[in-house]
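Asker: Next one to model:
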Amino acid sequence: MLNVNSKQLKIDLHSHTSCSDGKYTPIELINKAISIDLSVFAITDHDNMDSIEIVKDVQIPSSMTFIPGIELTTRSNLLDDADFHLVLLFPQLSKGQFKCRQIINRQKLNNLNLLLQGNLYVREQRMRWLIEHLKTQHQLEVEWQEFHDFHLMNAKNRQLIQRYSVAKYLVHKQYAVSVQHAFDKYLYQDIPSQYFQLEEMIKLAVNMNAIPILAHPLQYVQITPQLSKISEENSKVKLVFLVNSK
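Answerer: Below is the predicted model of the structure:
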């Protein structure tokens, strides 16, 4: 909640839809935001921008501002073996009450989307490795084709295959009683992967006139000075720290 000129604004700049690990479709979530009278609202799905296309024709009331975005999983040399979740907001694509006069760099936005498409392939290879790991290390009767068929039948975003998808599969196979139980019992290990670099993604965001926001900043209190240095090294980079409960 934010007070501006004695008016209270309800703002949520970090939300997920069924295009990643959220419950509602993009349109359903926007309708939820409208129903609770949010003033500013952003959809920031994990590692994909599918929702931007889905909601492009949705009418936003004049009392609300909707900002498309994305949440990228990145790594940095600042902290070994730690994920940095970087939210990028695209105010130039906003709809509703406030409009951004700045123009987004469409070419760089397309380049980001190409990177994300490549990341989908890498993610699928990781999930293949995970299914094999569950077979060999935990002696579970799981198969890639069976899992993939289950995913296609049950996922709202069929392109996005992730550990959450595997967790739901393990519940279906009765190896876990809930998604959280599956994570705690089987999916706690780190999976070999390639990650976007935090610093490079921040620079990419700035070059396309997006706003970079570090989610979950309380997890990185011990390296706040180093994170601040990223901004100092490039006068165009202003890394925002987003504090929320997610």
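
Asker: how distant is the helix ranked longest in the chain from the center of its chain?
Answerer: When the chain is parsed with DSSP state H, its longest helix is helix 106-138. Mean C-alpha position of helix 106-138 versus that of the full chain (CA atoms, centre = their mean, to the nearest Å) differs by 14 Å.

Asker: right, and the helix or strand after it?
Answerer: The helix or strand immediately downstream of helix 106-138 is helix 144-154, counting by DSSP states H and E.

Asker: Okay, angle between that next one and helix 106-138 too, please.
Answerer: Put simply, helix 144-154 runs at 130 degrees to helix 106-138, going by axes from the mean of the first three to the mean of the last three CA atoms, to 10 degrees.

Asker: Check which helices and strands the following helix or strand past helix 144-154 is in contact with.
Answerer: Using DSSP H and E, the helix or strand that follows helix 144-154 towards the C-terminus is helix 163-172. Using 3 or more CB pairs under 8 Å, 6 or more residues apart in numbering; DSSP states H and E, the elements in contact with helix 163-172 are helix 106-138, helix 144-154, helix 179-185. Any C-beta I mention is one placed from the backbone N, CA and C, and that applies to glycine too.

Asker: Please repeat the previous calculation with a cut-off of 7 Å.
Answerer: Applying 3 or more CB pairs under 7 Å, 6 or more residues apart in numbering; DSSP states H and E, we find helix 163-172 packed against helix 144-154, helix 179-185.

Asker: Rebuild those helices as TSV, extending it with mean neighbour count, distance to Glu199 and mean pLDDT.
Answerer: As requested, these are exported to TSV (neighbours: other CB atoms under 10 Å; distance: least, CB to CB, whole Å; pLDDT from 0 to 100):
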stretch	mean neighbour count	distance to Glu199	mean pLDDT
helix 144-154	14	33	92
helix 179-185	15	29	94
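
Asker: Distance to Asn105 for those - can I get that in TSV?
Answerer: Output for the helices and strands packed on helix 163-172, formatted as TSV (distance: least, CB to CB, whole Å):
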stretch	distance to Asn105
helix 144-154	34
helix 179-185	37
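
Asker: nearest to Ser76, of those?
Answerer: Of all the helices and strands packed on helix 163-172, the one in closest proximity to Ser76, counting by CB to CB, is helix 179-185 (24.0 Å).

Asker: C-terminal to that closest one, what's the next element?
Answerer: strand 196-197.

Asker: Show me how far that next one is from its chain's centre.
Answerer: So, by CA atoms, centre = their mean, the centroid of strand 196-197 is 14 Å from its chain's centroid.

Asker: Can you list the strands that that strand pairs with?
Answerer: Strand 196-197 sits in its sheet next to strand 65-76 (parallel), going by DSSP bridges.

Asker: May I ask you to confirm that His46 is in contact with Gly22?
Answerer: No. His46 is beyond contact range of Gly22, at 9.1 Å (criterion: CB atoms under 7 Å).

Asker: what about those two, which has more around it?
Answerer: The neighbour count for His46 versus Gly22, taken as other CB atoms under 10 Å, is higher for Gly22 (20 against 17).

Asker: Give the helix, strand or coil label for the more buried one.
Answerer: Assigned with DSSP: H, G, I helix; E, B strand; the rest coil, Gly22 falls in the coil class.

Asker: Can you tell me the closest non-neighbouring residue to it?
Answerer: Nearest residue to Gly22, sequence neighbours excluded (CB to CB, 6 or more residues apart in numbering): His16, at 3.6 Å.

Asker: Dihedrals phi and psi, the one you found?
Answerer: Main-chain torsions, His16, degrees, to the nearest 10: phi -130, psi 150.

Asker: go on, the one 4 residues further on?
Answerer: Here the main-chain torsion angles of Ser20 (degrees, to the nearest 10) amount to phi -130, psi -100.
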